[in-house]
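Engineer: Provided below for reference: sequence and predicted model.
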Amino acid sequence: MTPRTVLRRLALTAFLSIATAFWALPLLWLVTAPFDRRPGLTVSWPDWTLENFQRLAENPYAFSSLKNSVILAGGSMIGVTILAALAAYSLSRVRIPGRNALLYGLLLLSSIVTGTAAMVPIFQLMFSLNLIDDRSGVILVFIGGLLPAAIFILKDFMDATPKSYEESARVFGASSMQVLRHVMLPIVRPGLATIAVWTLVNVWSDFLISYILLRDPAKIPAGVVMYTFYSEGGQANLPLISAFSLVYALPVVALYLFVNRRYGFRFHGGIKS
Amino acid sequence: MSAATIDAAGLGRRRAMLLVAPALILITAFLVIPALWTVYLGVTDYRLTGIQAANPQFVGLDNYRAALVDPAFRNALWLTLVFVFGSAIVGQTGAGFALAWTLRSVPKIVRTVVQTLVLLAWILPSSIVAFLWVAYLSRDDGTLNAILHTGGTDWLLAHPMLSIIVFNTWRGTAFSMLLFSAALGAVPPSQLEAARLSGAGTFAQLRDVVVPHIRGHVLTNTLLISLWTFNDFSPYLLTAGGPNHASEVLPVFIYNEALYGGQLGYGSAISFIMLFINLVIALFYVRLLRERR
């Protein structure tokens, strides 16, 4: 090895060690503190116990907030997947006037009208529709916001499917809705899974929309409860917070592992997935 | 191609439009109308409570005029620029590219470990990672102070902007890393090899071989992460804009003014400015996307 390669190796190792430390250190707390008998803010080798999870089970808000998150994420996922499938199929197969302009217009719109930029009018709209503190209202907001990108992703999958399948199904006398249900949907299942998981993760992780639209402590989801656990004055209840963060984080990690194993990480028009 | 050959399922135009309609209605209700409503609210003196709540008056461009001279708004705009430049353009692009470049030539196990850590930071819910950082940076027994031997430094109070910039770099680098990994995978190895054999160092290889190939990706990446960072609300979870507005980026400013302070009209005018900036960035992006198809 020449001195130059040695130097390069050293620089590479140094850089990757620093990067690993930089990304790992803040995350460590999430794996040590929940199992520590007396969790502090510092990362330390835990004095093993499962007591914290027992305390978590006793906290009324922890459980109800996770249930609310399931409702919000599940409802949005069902809505987005069904509506996006119907729309994407039609847009992929039928030459509706102004189709391309519509698609790009929608994508443009959804990247401009973000939850942050539109929080005032969204709050205002839901306020006048009397949908503040209403979980189905929040689900509708999520569906509306996530649909354009979902349609865009799913249309790509539909476009890639050969039309001969549908044609032969038609020859055998299937109606067009049967073609959609029994031919198209099974073929684009990876696409459906992609947008379903993408919606789940987005809604499950959301903070802002639920924070501004839900006030009733019995209705707020895990993301908001997590924030109230540590932002409200007084001594932070670390045993509760640590166990709660881990339980709240696990579904996202599990979904990620599932998607990564099954389909690998891919890019769809640069949409965060 | 005629319409008949495309419409293989025999859906017909009318039924197709019927199937698109539910999606369009929801998108109109929750994306189009809020956007238009911002324009309307922005020219009124609407407030959450008081007389103006029941009977808002048309005030023309007063809100915009007020914004332009409002030191708090100008402060927020400036901090947002610093935040986007520091954490997205420098932090995420730089770290993302460096990771993508270095991880090509390491054993698979190293690559998997580093990529998983970076991805975890990206996919975990924001209120969790925000608390992880609150704990990490905490004054009395935060892990960072223990490592750096800087006990007693309250990072979020003493260096709020630096804290949220480093935090957002940590949080969002995964996207740039993945995008650049994919882009670097498409650079022909033979060209890199040829450059190396002719004695080009890492820097020369990057400049002459890699950059010309990934220029489009760099642009896409920069536009998207700038847009996301610009609209990122997580600084609120770390500092809530404080101390004393020192980290009040635009999203947090809008929340504090409009929803916390109740000035919906003024908040809408600021929202409109934000929507407009988003539009400019997104137009660039969509144009890029269309060119590549």
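Structural biologist: That came through fine.
Engineer: what's the closest non-adjacent residue to whatever residue of the stretch 1-150 of chain A ends up closest to chain B?
Structural biologist: When C-beta to the nearest C-beta is the measure, the stretch 1-150 of chain A has its nearest residue to chain B at A:Gly144, with 2.8 Å between them. Just so you know, the C-beta spots here come from the backbone N, C-alpha and C atoms, and that holds for glycine as well. The spatial neighbour of A:Gly144 that comes closest, neighbours along the chain excluded (C-beta to C-beta, 6 or more residues apart in numbering or on different chains), is B:Phe30 at 2.8 Å.
Engineer: check contacts around that neighbour.
Structural biologist: A:Ile122, A:Leu125, A:Leu140, A:Val141, A:Ile143, A:Gly144, A:Gly145 (C-beta atoms under 8 Å, 6 or more residues apart in numbering or on different chains).
Engineer: what bits of the stretch 1-150 of chain B have low per-residue confidence?
Structural biologist: B:1-6, B:8-9, B:50-52, B:54 (pLDDT under 70).
Engineer: pLDDT below threshold where in the stretch 1-150 of chain A?
Structural biologist: Along the stretch 1-150 of chain A, the model assigns pLDDT under 70 to residues A:1.
Engineer: could you pull out the strands in it for me?
Structural biologist: Assigned by DSSP state E, counting those that start in this stretch, the stretch 1-150 of chain A shows no strands.
Engineer: where along the stretch 151-273 of chain A do the helices fall?
Structural biologist: A:164-171, A:176-178, A:185-187, A:189-205, A:208-213, A:222-231, A:238-262 (DSSP state H, counting those that start in this stretch).
Engineer: go through the last one and flag the buried ones.
Structural biologist: This points to helix A:238-262. Within helix A:238-262, the residues that qualify as buried by neighbour count (16 or more other C-beta atoms under 10 Å in any protein chain shown) are A:238-249, A:251-252, A:255-256, A:259.
Engineer: what is that helix packed up against?
Structural biologist: Other helices and strands packing on helix A:238-262, by 3 or more C-beta pairs under 8 Å, 6 or more residues apart in numbering or on different chains; DSSP states H and E, are helix A:3-32, helix A:51-58, helix A:60-93, helix A:189-205, helix A:222-231, helix B:108-123, helix B:126-136.
Engineer: list the contacts for residue 236?
Structural biologist: I'll assume chain A. With contacts defined as C-beta under 8 Å, 6+ apart, the neighbours of A:Ala236 are A:Phe229, A:Tyr230.
Engineer: ah, no, chain B please
Structural biologist: If you count contacts by C-beta under 8 Å, 6+ apart, B:Tyr236 has them with B:Pro251, B:Val252, B:Tyr255.
Engineer: which stretch among the helices and strands packed on helix A:238-262 comes nearest B:Arg287?
Structural biologist: B:Arg287 sits nearest to helix A:60-93 of all those, at 20.8 Å, using C-beta to C-beta.
Engineer: for that closest one, the distance to its chain's centre please.
Structural biologist: Distance, stretch centre to chain centre, for helix A:60-93: 10 Å (C-alpha atoms, centre = their mean, to the nearest Å).
Engineer: that helix to helix A:238-262, inter-axis angle?
Structural biologist: Interaxial angle, helix A:60-93 versus helix A:238-262 (axes from the mean of the first three to the mean of the last three C-alpha atoms, to 10 degrees): 20 degrees.
Engineer: in helix A:60-93, which residues are buried?
Structural biologist: Buried positions in helix A:60-93, judged by neighbour count with 16+ other C-beta under 10 Å: A:61-62, A:64-66, A:68-69, A:71-73, A:75-77, A:79-81, A:83-93.
Engineer: cool, thanks, talk later.
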